[in-house]
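Trainee: Sequence plus the predicted model coming up.
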Amino acid sequence: KAGVTQTPRYLIKTRGQQVTLSCSPISGHRSVSWYQQTPGQGLQFLFEYFSETQRNKGNFPGRFSGRQFSNSRSEMNVSTLELGDSALYLCASSPGPGQGGTEAFFGQGTRLTVV
Amino acid sequence: DAKTTQPPSMDCAEGRAANLPCNHSTISGNEYVYWYRQIHSQGPQYIIHGLKNNETNEMASLIITEDRKSSTLILPHATLRDTAVYYCIVRVASGWTDKLIFGTGTRLQVFP
């Protein structure tokens, strides 16, 4: 069974640009969550999607957005990049909300560097 | 805000048991305790979870106190590859979200 796939693994962008990151969940999983990890703030929840709907959102500015497709694949977008957006972006896949007795599986992340 | 408290760091000799404590004194009746670990710059790896009873799998054992206000993750025979940051998380068992709230975790260093 394939794991969670995130692409690209590494990315370098310039301030002011926008970026799109992709996440393919484990087959059969319908919930995708995104997290940002920085040395200063640790792992922070960005948002989660289930059945193409955003179910929950963390405390991030509107420059951060996402979507989920009918095949459960998800993308997140960051517009007008700032230096502080440099981080490891992680995607987690799980069967769906309300199933707290199951684990979430993480991808290897996308390392974004903004210069 | 994180709902768990963990020591920032611990050391363990290779081959010995590593016992990682976690305090979750405000845990609700419908919240599970989950443990993940993260090896440098990789995605977090699921280890184990439990609700009330102690749990064991091929990686670790989870001991939850009777009042559920704290738990201990036990790696029975630590190896150098177990060096990582270990996160204890509480997560609702039902409802609207799969959101995980990470704290600062415990950095476990296994030494030869």
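Mentor: Nice, thanks for sending it over.

Trainee: Show me the beta-bridge partners of the most centrally placed residue in chain A.
Mentor: Centroid-nearest residue in chain A, with CA atoms, centre = their mean: A:Trp34, separated by 3.0 Å. Beta-bridge partners of A:Trp34, counted by DSSP bridges, are A:Phe47, A:Cys91.

Trainee: Could I get the contacting residues of it?
Mentor: Counting by CB atoms under 8 Å, 6 or more residues apart in numbering or on different chains, A:Trp34 makes contact with A:Cys23, A:Phe45, A:Leu46, A:Phe47, A:Glu48, A:Gly66, A:Ser74, A:Met76, A:Tyr89, A:Leu90, A:Cys91, A:Ala92. C-betas here are computed from N, CA, C, even on glycine.

Trainee: 10 Å - rerun?
Mentor: Residues near A:Trp34 by CB atoms under 10 Å, 6 or more residues apart in numbering or on different chains: A:6, A:21, A:23, A:44-49, A:57-58, A:60, A:64, A:66, A:74-76, A:89-92.

Trainee: May I have the least confident helix or strand in chain B by mean pLDDT as PDB, with CA atoms only?
Mentor: Lowest mean confidence among the helices and strands of chain B (mean pLDDT, DSSP states H and E): strand B:84-92, at a mean of 90. Listed next in PDB are the C-alpha coordinates belonging to strand B:84-92 (Å, rounded to 0.1, in the frame of the first residue of the first chain):
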ATOM      1  CA  ALA B  84      14.000  11.300  17.500                       C
ATOM      2  CA  VAL B  85      11.500  13.800  18.800                       C
ATOM      3  CA  TYR B  86       8.500  12.100  20.400                       C
ATOM      4  CA  TYR B  87       5.100  13.800  20.400                       C
ATOM      5  CA  CYS B  88       2.300  13.000  22.700                       C
ATOM      6  CA  ILE B  89      -1.100  14.200  21.400                       C
ATOM      7  CA  VAL B  90      -4.700  14.000  22.500                       C
ATOM      8  CA  ARG B  91      -7.300  13.700  19.800                       C
ATOM      9  CA  VAL B  92     -11.000  13.600  19.800                       C
END
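
Trainee: What is the subsequent helix or strand relative to that strand?
Mentor: Next helix or strand after strand B:84-92 toward the C-terminus (DSSP states H and E): strand B:106-111.

Trainee: Check which residues of that next one are buried.
Mentor: Under the neighbour-count criterion of 16 or more other CB atoms under 10 Å in any protein chain shown, strand B:106-111 has B:Thr106, B:Arg107, B:Leu108, B:Val110 buried.
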